[in-house]
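Visitor: Any chance you could fold what I've pasted below:
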Amino acid sequence: DVFEIKVYGNRAYLSTAFGIVVIDLESEEIVDDYQNLGSGGIPLSVQSLAILDSTIFIGTSEGIKHDRAYNNSVNLKNFASWIIVDQYDSALYMTDYNDKLYFVSDSVLYAFDGDTYSQVESGEKKGYKSITVSHNQLVVCRFEGIAVMDESLLFQEFGEVAMSYAIKDFQDNLWFGGFY
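Guide: Model (predicted):
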């Protein structure tokens, strides 16, 4: 299973049931993979990932794991290289936006600024479905409706309930879809 695909530069990072696969988009080849990232080197599903300030973050059932990306002295294939933040054991929808890492854990939206984890939207539990960045805006799709955050961290609410995914286009139109 492939859970997410994130593109950074000319590389696509796939979050999969067995770890991470890295594809060079120019050569169309797999250039790396990181498997068996669980405690003791056991297989571990990676539900989500993001790269923020040259650090790769992955969401797993063991918590958020992170380490320096793009650094040849770091062996990301070694499970012991990864730093674990275990209080967020269900981190999903990881997205980097406005110099912060956003993710959902236990139905609560969080932000990480490099030092501190904080709750967003007053820490209220909601039915989050997706988080994406579109044209310098954070688009949060949840069962209760869609919210769009601008760079000044202000949310604009849209009443479209039960949608699974939403984006903004270059003309600031909101596009969304889901199952009814």
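Visitor: quick one: Tyr165 and Arg142 touch, right?
Guide: No: because the distance of 11.1 Å does not satisfy Cβ atoms under 8 Å, Tyr165 is recorded as not touching Arg142. To be clear about C-beta, it is placed using only N, CA and C from the backbone, and glycine gets the same treatment.
Visitor: shared neighbours of these two, which are they?
Guide: Contact criterion Cβ atoms under 8 Å, 6 or more residues apart in numbering; residues bridging Tyr165 and Arg142 by contacting each: Lys129.
Visitor: quick one: contacts for the residue nearest to Thr60 when sequence neighbours are not counted?
Guide: The shortest distance from Thr60 to any non-neighbouring residue, by Cβ to Cβ, 6 or more residues apart in numbering, is to Leu44 (5.4 Å). Shown in contact with Leu44 (Cβ under 8 Å, 6+ apart): 19, 36-38, 60-62, 79.
Visitor: isn't there a helix covering Leu44?
Guide: No: going by DSSP: H, G, I helix; E, B strand; the rest coil, the assignment for Leu44 is coil, not a helix.
Visitor: Distance check, it against Glu160.
Guide: Distance, Leu44 to Glu160, using Cβ to Cβ, to the nearest Å: 35 Å.
Visitor: Of the contacts of Leu44, grab the buried ones for ChimeraX.
Guide: Buried residues within the contacts of Leu44, by 16 or more other Cβ atoms under 10 Å, are selected in ChimeraX with:
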select :19,37,38,60,62,79
